[in-house]
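**Q** kindly return the folded structure for what I paste below:
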Amino acid sequence: MKGDTLIRRSYYGPHLTCIKYPQMLEVLCKIHDGKCGNHAGGRSLAQKALSIGYFWPTMRKDSTEYARRCDRCQRYKPIPGLPAEEYHPQNSPWSFMQWAIDLVGPMPTAPANKEMMIVATDYFTKWIEAEALSFTKEADIERFIWKNIICRFGCPQSTVTDNGTQFVGRQITAFLVKYGIKQHLSTPKYPQSNGQAEASNKIVLDCLKKRLEGAKGKWVDELPGVL
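**A** Take a look at the predicted model:
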């Protein structure tokens, strides 16, 4: 006991403050639906509550039920449409060695005529970098790789992209050669060959839908919060 508060010892994090209803409902609401909430599933929701220092005996059950009752999660949850297949993973033995890069759009028109989004995902850590674009020319892709990848995480060993002209043109190819970055291209008309990028795109779009609902033109403002 610490004063009138019951404290539970944690073996891998901070000491946990024991709470009960309705405090636990308020905690779940802020984590799931708050400003930095990403409408996580039940298991992830319970883990986040633990990591910020809260505990109650039925937290996993309550987190699962709360996520299931969320209206936005039910309406915008992606439904798998493909049969299960064996995974064919690409090896990335260290952080920020290989990035999957893809374009998403067209999106609802935002200020400055931003209708496209570029998303880059590190194969090892699954870290996502994304930015809204007005144009998708080679110069825009080059600027994104320089600012969001090279300047922040160093030169990667390779990138994985599709065969779009903005990824295989002379200018961007020369830029990658200049920094010693190998370029791997996915199979044409087969997006699953760049599965890491497609998975990240789905996560980002899913979170945007849940946070925006009807105000689709504000997706550029919500993108940093989603990331």
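
**Q** right, and the helix or strand after the biggest helix by length in the chain?
**A** Longest helix in the chain by number of residues, with DSSP state H as the criterion: helix 195-212. From helix 195-212 onward toward the C-terminus, using DSSP states H and E, the following helix or strand is helix 219-226.

**Q** which residues touch residue 140?
**A** If you count contacts by C-beta atoms under 8 Å, 6 or more residues apart in numbering, residue 140 has them with 118, 133, 166. In this view, the C-beta of every residue, glycine as well, is placed from N, C-alpha and C.

**Q** any chance of a markdown table for those, columns neighbour count, secondary structure and distance to residue 16?
**A** Shown next, in a markdown table, are the contacts of residue 140 (neighbours: other C-beta atoms under 10 Å; DSSP: H, G, I helix; E, B strand; the rest coil; distance: C-beta to C-beta, whole Å):
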| residue | neighbour count | secondary structure | distance to residue 16 |
| --- | --- | --- | --- |
| 118 | 22 | strand | 40 |
| 133 | 21 | strand | 43 |
| 166 | 19 | helix | 49 |
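
**Q** how far does the helix or strand bottoming out on mean pLDDT in the chain sit from the chain's center?
**A** Using mean pLDDT, DSSP states H and E, helix 71-76 stands out as the lowest-scoring helix or strand of the chain, at a mean of 79. How far helix 71-76 lies from its chain's middle: 18 Å, per C-alpha atoms, centre = their mean, to the nearest Å.

**Q** wait, doesn't residue 45 sit right on residue 32?
**A** Yes - Residue 45 lies in contact with residue 32 (C-beta atoms under 8 Å); the separation is 5.8 Å.

**Q** next, show the common contact partners of these two.
**A** Between them, residue 45 and residue 32 share these contacting residues under C-beta under 8 Å, 6+ apart: 66-67.

**Q** in this protein, which spans are strands?
**A** Under the criterion DSSP state E, strands of the chain are mapped to 7-8, 16-18, 54-55, 98-104, 116-122, 128-133, 158-161, 182-185.

**Q** would JSON lines of those with distance to residue 25 be doable?
**A** Listed next are these as JSON lines, based on distance: least, C-beta to C-beta, whole Å:
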{"stretch": "strand 7-8", "distance to residue 25": "19"}
{"stretch": "strand 16-18", "distance to residue 25": "15"}
{"stretch": "strand 54-55", "distance to residue 25": "12"}
{"stretch": "strand 98-104", "distance to residue 25": "35"}
{"stretch": "strand 116-122", "distance to residue 25": "34"}
{"stretch": "strand 128-133", "distance to residue 25": "30"}
{"stretch": "strand 158-161", "distance to residue 25": "43"}
{"stretch": "strand 182-185", "distance to residue 25": "47"}
